[in-house]
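Trainee: task: produce atomic coordinates for the following.
(one chain, ligands or ions: 1)
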Amino acid sequence: MTSLADPVPGGRPGEPGRAAALTAELTERGVRGIVLAYVDTAGVTRVKTVPTARLESAVTRGVGMSPVFDTFLADDSVVTTDVLGGPDGDLRLYPDLDRLVVLAGQPGWAWAPVDRISQEGERHPGCARTFLRRTVARAAERYGLAFRAAIEVEWAAGLDSAPPGEFVPAVSGPAYGAIRQVELGDCAADLLAAFAAQDVAVDQVHPEYAAGQFEVSVGALDPVAAADRSVLVRQTIRAVARRHGLRVSFAPAVSAEGVGNGGHLHLSSWRDGRNLHAGGERRYGMTPEAESFAAGVLARLPALTAVTAPSPASYLRLRPSQWAGVFTAWGHETREAALRMVTGTSGRADQDANMEVKPVDLAANPYLALGCVIAAGLDGVDRGLSLPEEITGDPARHGPDEAAARGVRRLPRSLPEAVEEFRADEVLRAALGPVLADAVIAVRLGEAAAVAGFDDARVAAAYRWVY
Ligand SMILES: NC(=O)CC[C@H](N)C(=O)O
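Mentor: Numbering: from 1, shown residues only. Prediction:
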């Protein structure tokens with residue numbers, strides 16, 4: 001286990017000088033408190049907040065929080081593993097000062113992601129952010145690889161004045177329609193201003209397919225920063241929307257029917273500043289290593305689903321022909337393939353080429369999802385895997401025999417099915433380590449048990465407002 005003697009990026013205990021200077025600057029800017037955020041195993045963002053004057057103390061000594069949240073469910077009940085879930089113990093939350101942002105959509109507040117560290121100064125084996133950082137460091141040390149990642153964020157805008165628990169779309173009009181853009185225009189403009197003030201590089205914001213649905217795509221960063229950014233983007237959307245009388249849902253399925261909210265993950269692997277997904281001799285410019293990386297991800301998609309689609313509501317979204325990518329297939333710019341090779345505009349492939357993993361939603365803990373996808377890719381590199389034949393069109397149109405002949409499988413249709421795949425996956429479990437792997441299994445089975453006997457509408461309702 002790593003100790004605090006190793007550098008903790010950002011919130012380095014023993015950096016009181018930096019924290020003091022920052023405290024003065026934040027106070028000057030009218031920041032009253034800092035939101036300290038992390039994402040639990042179930043995918044719920046949990047926070048503590050401290051007054052700005054306590055930042056220095058938070059940076060040097062951390063802020064207490066029980067480890068019990070590692071096995072919290074989305075409905076705030078608790079399951080247990082051999083080592084997690086009891087009432088004992090405490091952890092310290094250390095804010096990462098490199099990622100501290102003054103929140104433009106929540107005047108008076110700043111925000112920072114945290115690492116969770118034991119009272120003795122050991123890294124907590126259940127800390128998802130530490131897991132992702134460890135995975136990225138392993139890729140650098142062992143393979144000389146670095147990554148760039150971005151997580152798309154889809155959300156449904158509902159009226160805050162709707163009866164509690166209900167979703168009433170805040171905008172009307174067709175998918176991708178100008179009507180929706182006009183109806184959300186003031187809020188979207190404030191959102192763009194908030195993102196700009198927070199240094200979140202936005203590629204685009206647009207009305208999406210489902211009722212009240214929008215999407216924002218942001219620029220790629222190193223994986224830990226990309227996961228942090230995904231949490232910050234949601235905090236920002238929620239806060240700005242609220243000031244416009246809107247309530248937002250990032251749930252995989254806001255309603256039982258129709259297209260859901262995805263959290264597609266874009267990832268490229270790099271060596272020595274070169275994008276390995278461009279300029280290579282394999283299909284669509286992939287280098288052999290990028291192809292093996294992609295093939296490793298493709299091979300493990302059924303087990304990855306337990307991490308990337310972690311909610312019972314995820315399986316309302318993961319249905320064929322709804323752009324969620326529910327078959328183990330890859331293609332070039334193919335919207336129904338679980339793995340889509342994106343080559344970008346001609347002339348920019350060396351910057352833009354990446355792979356998009358679609359069966360990912362925003363119930364997923366972004367640190368666990370990115371770390372597990374990277375671990376799967378690295379295993380593909382280890383094994384020198386090649387990609388099978390690509391697909392075009394919707395795999396759903398193939399009968400079972402043809403699909404089997406092409407090696408195309410439907411991803412798990414339920415959380416318990418996904419858990420069975422995950423349980424059998426030694427590579428993912430080893431990457432996570434036993435504490436986190438057991439937490440994933442216990443929490444997923446707990447979520448499945450919590451909705452046993454529910455019909456689809458009740459499942460959608462149970463998770464509509466928690467992520
Ligand atoms: N444009 C899109 O890619 C839509 C994605 C879709 N909403 C999903 O659930 O993944």
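Trainee: surely residue 144 touches residue 270?
Mentor: No. Using Cβ atoms under 8 Å, residue 144 makes no contact with residue 270, being 9.6 Å away. In this view, the C-beta of every residue, glycine as well, is placed from N, C-alpha and C.
Trainee: which helix or which strand is home to residue 228?
Mentor: helix 223-243 (DSSP states H and E).
Trainee: which parts of that helix are buried?
Mentor: Neighbour counts over helix 223-243 (16 or more other Cβ atoms under 10 Å) mark 223-241 as buried.
Trainee: quick one: mean pLDDT over that helix.
Mentor: Here helix 223-243 scores 98 as its mean pLDDT.
Trainee: please apply the same query to stretch 356-365.
Mentor: 98.
Trainee: can I get that stretch in PDB, CA atoms only?
Mentor: Provided in PDB are the C-alpha atoms of stretch 356-365 (Å, rounded to 0.1, in the frame of the first residue of the first chain):
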ATOM      1  CA  GLU A 356     -15.700   5.400 -27.700                       C
ATOM      2  CA  VAL A 357     -17.100   2.900 -25.300                       C
ATOM      3  CA  LYS A 358     -20.900   3.200 -25.300                       C
ATOM      4  CA  PRO A 359     -22.300   0.800 -22.700                       C
ATOM      5  CA  VAL A 360     -21.300   3.300 -20.000                       C
ATOM      6  CA  ASP A 361     -23.800   5.500 -18.100                       C
ATOM      7  CA  LEU A 362     -23.600   8.200 -15.500                       C
ATOM      8  CA  ALA A 363     -24.500   5.900 -12.700                       C
ATOM      9  CA  ALA A 364     -21.000   4.500 -13.200                       C
ATOM     10  CA  ASN A 365     -18.300   5.700 -10.800                       C
END
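Trainee: circling back to that earlier point, neighbouring strands - and their directions - for the helix or strand just after the helix holding residue 228?
Mentor: Scanning forward in sequence from helix 223-243 by DSSP H and E, the next helix or strand is strand 246-249. If you go by DSSP bridges, strand 246-249 pairs up with strand 153-159 (antiparallel).
Trainee: which residues does the lowest-mean-pLDDT helix or strand in the chain contact?
Mentor: Scoring the helices and strands of the chain by mean pLDDT, DSSP states H and E places helix 400-405 at the bottom, with a mean of 81. Applying Cβ atoms under 8 Å, 6 or more residues apart in numbering, the external contacts of helix 400-405 come out as 327, 395, 409-410.
Trainee: determine which two of those are furthest apart.
Mentor: 395 and 409 (9.5 Å; Cβ to Cβ).
Trainee: between residue 144 and residue 270, which one's more packed in?
Mentor: Comparing residue 144 with residue 270 by other Cβ atoms under 10 Å, the one with more neighbours is residue 270, at 16 against 10.
Trainee: list the contacts for the more buried one?
Mentor: For residue 270, the contact set (Cβ under 8 Å, 6+ apart) comprises 145-148, 276.
Trainee: okay if I get those as TSV plus secondary structure, neighbour count and distance to the ligand?
Mentor: Formatted as TSV, the contacts of residue 270 follow (DSSP: H, G, I helix; E, B strand; the rest coil; neighbours: other Cβ atoms under 10 Å; distance: Cβ to the nearest ligand atom, whole Å):
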residue	secondary structure	neighbour count	distance to the ligand
145	coil	22	27
146	strand	17	26
147	strand	25	21
148	strand	21	20
276	coil	25	24
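Trainee: who in the protein is up against the ligand?
Mentor: Within the chain, the positions adjacent to the ligand are 154, 209, 259-260, 262, 317, 323-324, 358 by Cβ under 6 Å from any ligand atom.
Trainee: write the ChimeraX selection for whichever of the residues you listed are buried.
Mentor: Buried subset of these, written as a ChimeraX selection, criterion 16+ other Cβ under 10 Å:
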select :154,259,260,262,317,323,324,358
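Trainee: columns distance to residue 339 and secondary structure on top of the residues of the chain next to the ligand, output as TSV?
Mentor: Shown next, in TSV, are the residues of the chain next to the ligand (distance: Cβ to Cβ, whole Å; DSSP: H, G, I helix; E, B strand; the rest coil):
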residue	distance to residue 339	secondary structure
154	19	strand
209	21	coil
259	19	coil
260	19	coil
262	14	coil
317	17	helix
323	14	coil
324	13	coil
358	7	coil
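Trainee: which one of the residues of the chain next to the ligand sits closest to the ligand?
Mentor: residue 262 (2.5 Å; Cβ to the nearest ligand atom).
Trainee: residues contacting that closest one?
Mentor: Counting by Cβ under 8 Å, 6+ apart, residue 262 touches 152, 154, 252, 317, 323-324, 358, 360-362.
Trainee: give me that answer again for 10 Å
Mentor: By Cβ atoms under 10 Å, 6 or more residues apart in numbering, the contact set of residue 262 is 151-154, 208, 215, 252, 309, 317-318, 322-325, 358-362.
Trainee: what segments of the stretch 151-300 of the chain are strands?
Mentor: 153-159, 202-207, 213-218, 246-249, 265-271, 274-275 (DSSP state E, counting those that start in this stretch).
Trainee: and the residue of the chain most remote from its centre, how far from residue 395?
Mentor: Going by Cα atoms, centre = their mean, the residue of the chain most distant from its centre is residue 401, 34.1 Å out. Distance, residue 401 to residue 395, using Cβ to Cβ, to the nearest Å: 13 Å.
Trainee: then residue 227?
Mentor: Taken as Cβ to Cβ, the span from residue 227 to residue 395 is 29 Å.
Trainee: same deal with residue 165?
Mentor: On the measure of Cβ to Cβ, residue 165 and residue 395 end up 36 Å apart.
Trainee: neighbour count: the two, which is higher?
Mentor: Each of residue 165 and residue 395 has its neighbours counted (other Cβ under 10 Å); residue 395 has more, 25 against 9.
Trainee: hang on, isn't that one packed against residue 321?
Mentor: Yes. The criterion here is Cβ atoms under 10 Å, and residue 395 meets it with residue 321 at 9.4 Å.
Trainee: identify the bridge partners of the closest residue to the ligand within the stretch 1-150 of the chain.
Mentor: Residue nearest to the ligand within the stretch 1-150 of the chain: residue 150 (13.5 Å; Cβ to the nearest ligand atom). In this entry, residue 150 is beta-bridged to residue 266, by DSSP bridges.
Trainee: which residues touch it?
Mentor: Residue 150 makes contacts with 201, 203, 217-221, 223, 226, 229-230, 264-268, 354, 356, as judged by Cβ under 10 Å, 6+ apart.
Trainee: just the buried members of those?
Mentor: 217-218, 220-221, 223, 226, 229-230, 264-268, 354, 356.
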